[in-house]
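>>> sequence first, predicted coordinates after that:
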Amino acid sequence: MTALTGPEALQVVAVDGKTLRGSATSTAPAVHLLAALTPDRHLAAQVRVPTGTSEIDALAHLLAGVDLTGVVVTADALHTQIDTAIHLVEELHADYVLGVKRNQKALFEQVKALPWAQAPTLGTTRARGHGRAETRTIKAIDLAGRTDFAHAVQAVRVRRHVTELRTGKVSWTVAYAVTSLEVGRADAARIGALVRGHWGIEAWHHVKDVSLGEDACKVRSGHAPDNLAVLRAVALVFLSRLGQDTVPDAIRWVSYEAFTRPLDVIGLP
């Protein structure tokens, strides 16, 4: 396991997996890593998922040894497991926000059937970018007596409307989640922000692929794929500090003086 961020810096961590597709061989599957990321996109921990096992099995190992007391752990629906919820709350003293999809059919049906139409909209966000206008509305409902999923006390629904600015085409999606955070500790707006924030780890994986060529990398020996993944994460931290609009812009800026600027970036004379 690799841990990069000390526990004193943690308030929220997002957990998600990534397959390093270029590491596959004719006799061995590609390396699959499970990572924990902070909201400012610092890698808190990383572990390789052993072949023949799943991310669910690796989650406890990923978070072992990290003081998560009072930290909110977000994860996608794959990790919406009763054992995981119990481990996070009772053993690690953390809270959770876990996505809800049909892999947990009973829970999904319970959450979907909640009276969302009667629930007030408690938060709305709007954004424009990449040729789209996006509106998200957030609702939350108290789960008291409505589910037996371990430590779940609120359900949240994030409804996302997207308009393609060039064509005017409109689409919408709905995401559900459950959380152990009580209303007095986190309102709908904060839970909605945690749900949206979790999607940032997927964008982070995308940047590593597109800008740093992670999926194209053919390195596959020993721990080399894991180590290079960590170095890419560190590189993104340094590149984000350069004040450029995008990662490609930051890479180009560094390349203009390739013998000196990389040393300046990491603080070496």
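Looks like it arrived, so ask away.
>>> which strands and helices lie in contact with whichever strand or helix holds residue 177?
According to DSSP states H and E, residue 177 maps onto strand 170-179. Secondary-structure packing of strand 170-179 (3 or more C-beta pairs under 8 Å, 6 or more residues apart in numbering; DSSP states H and E): strand 95-100, helix 105-112, strand 154-164, helix 188-210. All C-beta atoms are positioned from the backbone trio N, CA, C, and that covers glycine.
>>> so which of the ones you listed comes closest to residue 120?
helix 188-210 (8.9 Å; C-beta to C-beta).
>>> list the buried residues for the closest one?
188, 190-201, 204-205, 207-209 (16 or more other C-beta atoms under 10 Å).
>>> ok, back up a step: comparing the helices and strands packed on strand 170-179 by mean pLDDT, which bottoms out?
Among the helices and strands packed on strand 170-179, helix 188-210 has the lowest mean pLDDT, at a mean of 83.
>>> run through who's touching that one.
The contact list for helix 188-210 (C-beta atoms under 8 Å, 6 or more residues apart in numbering) reads 12, 14-16, 18, 35, 37, 39, 41, 72, 74-76, 97, 99, 122-123, 125, 136, 138-140, 154, 156, 158, 175, 177, 179, 181, 186, 214-216, 229, 232-233, 236, 247.
>>> inside strands: which ones of those residues?
Applying DSSP state E to the contacts of helix 188-210, the entries found in strands are 12, 14-16, 18, 35, 37, 72, 74-75, 97, 99, 123, 125, 136, 138-140, 154, 156, 158, 175, 177, 179.
>>> filter these down to the buried ones, PyMOL style.
The buried subset of these, as determined by 16+ other C-beta under 10 Å, is captured in PyMOL by this line:
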select buried, resi 12+14+15+16+18+35+37+72+74+75+97+99+123+136+138+139+140+154+156+158+175+177+179
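>>> where does the stretch 101-250 of the chain dip in pLDDT?
188 (pLDDT under 70).
>>> the same query, at a cut-off of 80, please.
122, 129-130, 183-189, 191-192, 196, 199 (pLDDT under 80).
>>> make a markdown table from the helices and strands packed on strand 170-179 and add distance to residue 67 to it.
Listed next are the helices and strands packed on strand 170-179 as a markdown table, based on distance: least, C-beta to C-beta, whole Å:
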| stretch | distance to residue 67 |
| --- | --- |
| strand 95-100 | 14 |
| helix 105-112 | 29 |
| strand 154-164 | 25 |
| helix 188-210 | 20 |
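>>> of these, which is nearest residue 24?
So among the helices and strands packed on strand 170-179, helix 188-210 is nearest, using C-beta to C-beta, at 15.0 Å.
>>> angle of that closest one against strand 95-100?
Per axes from the mean of the first three to the mean of the last three C-alpha atoms, to 10 degrees, the angle that helix 188-210 makes with strand 95-100 is 70 degrees.
>>> could you give the angle of helix 188-210 to strand 170-179?
110 degrees.
>>> what lies in contact with stretch 86-101?
59-60, 63, 68-77, 79-80, 84-85, 107-108, 111, 150-151, 155-156, 175-181, 185, 191, 194-195, 198.
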